[in-house]
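Enquirer: just a sequence and a predicted model for now, questions to come.
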Amino acid sequence: MSPNKAFDAYKKSNNEYVEGIETPHGRVKILFDTVVDNIDNMIEVHPKTDFVSLGKSINAITVLAGSLNTKDGGELANNLLELYDYSKRKINEYLEDKNIKKLDEVKSIFEKLLEGWTEIDPKTTKKY
């Protein structure tokens, strides 16, 4: 197999594996899914700590926060930034006190964000 064909096959299989990665809207959905799925993993092994899932959750939230345009996004962007910061604090507090309600709260926040995001038609969103 030629290198070009191998690369094309890899790209095709990779895009099929990570559905949505080709659009900004899809990438944000992937990040919301990542937080929800990994918080679920942490809840399942409670009171043990799943550090891999913890890291993936924190990293996804950090990427979401870093992707906000607070200059043009106004109040909505600033509110999301505060919500992301609050969520990271709750996850860190969970590490200290193992109060599972903190993980439940973060999961609920991101499930609602995911639900709202999924309802947005990506064809009507601003192109970057």
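Expert: Everything's here; your move. Residues are numbered from 1 along each chain as shown.

Enquirer: which SSE is S108 in?
Expert: Taking DSSP states H and E as the definition, one finds S108 inside helix 100-119.

Enquirer: got a list of what the most centrally placed residue in the chain touches?
Expert: Geometric centre of the chain, nearest residue: L31, 2.4 Å, by CA atoms, centre = their mean. L31 makes contact with 60, 63-64, according to CB atoms under 8 Å, 6 or more residues apart in numbering. Every residue, glycine included, has its C-beta placed from N, CA and C.

Enquirer: again, only using 10 Å
Expert: By CB atoms under 10 Å, 6 or more residues apart in numbering, the contact list for L31 reads 59-64, 67, 110, 113-114, 117.

Enquirer: can I get these in a markdown table including neighbour count?
Expert: As requested, the contacts of L31 are arranged in a markdown table below (neighbours: other CB atoms under 10 Å):
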| residue | neighbour count |
| --- | --- |
| N59 | 14 |
| A60 | 22 |
| I61 | 22 |
| T62 | 13 |
| V63 | 15 |
| L64 | 22 |
| S67 | 14 |
| F110 | 27 |
| L113 | 21 |
| L114 | 17 |
| W117 | 16 |
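
Enquirer: on that earlier part again, and the residue nearest to the centre of the chain, how far from G66?
Expert: Distance, L31 to G66, by CB to CB, to the nearest Å: 11 Å.

Enquirer: and K88, by the same measure?
Expert: Counting by CB to CB, the gap between K88 and G66 amounts to 12 Å.
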